[in-house]
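Peer 1: 3D model of this:
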Amino acid sequence: MYTTYHLSSAQEVNSDILDAIKATFKSKPITIIVEADEEDFELTTDMKSVLDERLQEDEKTYLTSEDSINQLNKKYGL
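Peer 2: Residues are numbered from 1 along each chain as shown. From the prediction side, this is the model:
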């Protein structure tokens, strides 16, 4: 079981949230992961390279995003 809290600022962390976590999970072991929301996503050089390769592919063999996802689902059970 998991619960996600989305906060607009770290300043919003308060005892109410901690009390809610305690009430939900009681004495079960838990893991707390804190992650900053990154609004400025930048492509790596490798990502750009893959995208450039895709742009050079023959349009006759083009797959729609839906077809691509379906194939990935079949192959990897996503």
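Peer 1: pLDDT value on residue 42, please?
Peer 2: For residue 42, the pLDDT comes out at 83.
Peer 1: count of residues packed around it?
Peer 2: 7 (other CB atoms under 10 Å). Quick note: C-beta positions are derived from backbone N, CA and C, even for glycine.
Peer 1: same check, this time on residue 30
Peer 2: 13.
Peer 1: which residues touch it?
Peer 2: For residue 30, the contacting residues are residue 21, by CB atoms under 8 Å, 6 or more residues apart in numbering.
Peer 1: ok, now how distant is residue 11 from residue 70?
Peer 2: 44 Å (CB to CB, to the nearest Å).
Peer 1: more crowded one of these two?
Peer 2: residue 70 (13 against 7).
Peer 1: for this protein, list the residue farthest from the centre, please.
Peer 2: Relative to the centre of the chain, the most outlying C-alpha is that of residue 60, 31.6 Å out, by CA atoms, centre = their mean.
Peer 1: how about the strands in the protein?
Peer 2: Assigned by DSSP state E, the chain shows no strands.
Peer 1: mind checking the end-to-end distance for stretch 5-24?
Peer 2: Using CA to CA, to the nearest Å, one end of stretch 5-24 lies 13 Å from the other.
Peer 1: over to stretch 3-15?
Peer 2: OK, stretch 3-15 end separation, CA to CA: 16 Å.
Peer 1: do the same with stretch 35-48
Peer 2: 25 Å.
Peer 1: one more: stretch 44-62?
Peer 2: 24 Å.
Peer 1: over to stretch 5-22?
Peer 2: 14 Å.
Peer 1: residues making contact with that stretch?
Peer 2: Contacts of stretch 5-22 (CB under 8 Å, 6+ apart): 3, 30, 32.
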